[in-house]
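1. Predicted structure and sequence below. I'll ask about it afterward.
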Amino acid sequence: MTMGRPAEFDRDRVLDAAVRLFWRKGYEATSLTDLLKTMGLSKSSLYQAFGSKHELFESCITRYRDTLVADMQAALDSAESAHRFIEQVFYDVAAETKSNVTRRGCLVMNTASEFSQRDPTIARRVSASTRAFSKVFATAVRQAQSDGDIPADRDPAVLASYLVSSMTGLRTMVKAGASKRKVRDIAKVILMALD
C-alpha cells in the first residue's frame, strides 16, 4: 500500500492567509476563487487538506483564537504587572485605528454577527473562543487582585467576561471608523470599572 503524496505547502501559512481573507471579507463574501488565489492552492489541494469551505472556516476560527490567546498569554507573562497587561490590551486596540488594514474588528465577533445562531457548529466555535479569551483575562484579574491592583471582592469571571465584551466592542468601533483619541477615551472608562 502506498502513502498519499505529502502536502507541498506550509499548512499554517496557507491557513493564516485564509484567516486574513475571511477576517477582511467575511464568510459569505469570500468565494472559493478568492480562497484558492489567496492560499495559492488548487481546488483539489484545498479540499484534500481542509475539506469544504465551511470546514476551512471552522479551522480559521480556531487558528485565529489560538493565535490571539497565545499572544495574550505571552503579553501577560511578560508584562510588568497583570493590571498593566489589561491596560495595554485596550490601548493596543486604539493603535488599530492607524490604517484601514487593521480596522477589521474581531474575527470571532464578526462571525457571531454574520452567522448569529443559525449555524450550531460555528456558534460553538465562537463560544469556545470567547471562553478562551475570558480565561486569559480571568487569570490576569486574579493576578492583579493578588497584587492589590483590583479589589479582592470582585468576581474574576464576571470581570473577565466584561473585558472580553468591552474589547470586542471597542474593536468593532475601530472597524466602524472611530478615531484613536475616541477609542483611548473609551478604553479609559472601561478600565475604570476595574478600580
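-> Okay, I see it. Numbers count the residues shown, from 1 in each chain.
2. Could you pull out the strands in the chain for me?
-> Read by DSSP state E, the chain holds no strands at all.
3. Which helix in it has the most residues?
-> helix 120-147 (DSSP state H).
4. quick one: average pLDDT of that one?
-> Average pLDDT, helix 120-147: 96.
5. Give me the buried positions along it.
-> Within helix 120-147, the residues scored as buried using 16 or more other Cβ atoms under 10 Å are 122, 125-126, 129-130, 132-145. Yep, even glycine has a C-beta here, placed from its N, CA and C like the rest.
6. now swap in stretch 63-73 and tell me
-> Here stretch 63-73 shows 63-65, 68, 72-73 as buried, counting by 16+ other Cβ under 10 Å.
7. go on, stretch 43-61?
-> For stretch 43-61, using 16+ other Cβ under 10 Å, the buried residues are 45-46, 49-50, 53, 56-61.
8. cool, stretch 70-86 as well?
-> Buried residues in stretch 70-86 (16+ other Cβ under 10 Å): 72-73, 75-76, 79, 82-86.
9. With stretch 142-161 instead?
-> Here stretch 142-161 shows 142-145, 149-150, 154, 156, 159-161 as buried, counting by 16+ other Cβ under 10 Å.
10. Might one say that residue 24 is in contact with residue 105?
-> No - using Cβ atoms under 8 Å, residue 24 and residue 105 do not qualify as a contacting pair, with a distance of 10.2 Å.
11. Neighbour count: those two, which is higher?
-> Shown here are residue 24 and residue 105; by other Cβ atoms under 10 Å, residue 105 has more neighbours (19 against 15).
12. in terms of contact, does that one touch residue 174 like I think?
-> Yes - if you go by Cβ under 8 Å, residue 105 and residue 174 touch, sitting 7.0 Å apart.
13. what bits of this structure have low per-residue confidence?
-> Confidence mapping of the chain against pLDDT under 70 gives the ranges 1-8, 100-102.
14. in it, which spans are helices?
-> 11-25, 32-39, 43-50, 53-78, 82-95, 107-115, 120-147, 156-175, 180-192.
15. Give me the contacts around the second one.
-> By Cβ atoms under 8 Å, 6 or more residues apart in numbering, the residues outside helix 32-39 that reach it are 14, 17-18, 20-21, 25, 41-43, 46, 53, 56.
16. one more time with 7 Å
-> With Cβ atoms under 7 Å, 6 or more residues apart in numbering as the test, helix 32-39 has contacts from 14, 17-18, 21, 42-43, 46, 53.
17. Report the distance from it to the chain centre.
-> The chain centroid and the centroid of helix 32-39 are separated by 22 Å, computed with Cα atoms, centre = their mean, to the nearest Å.
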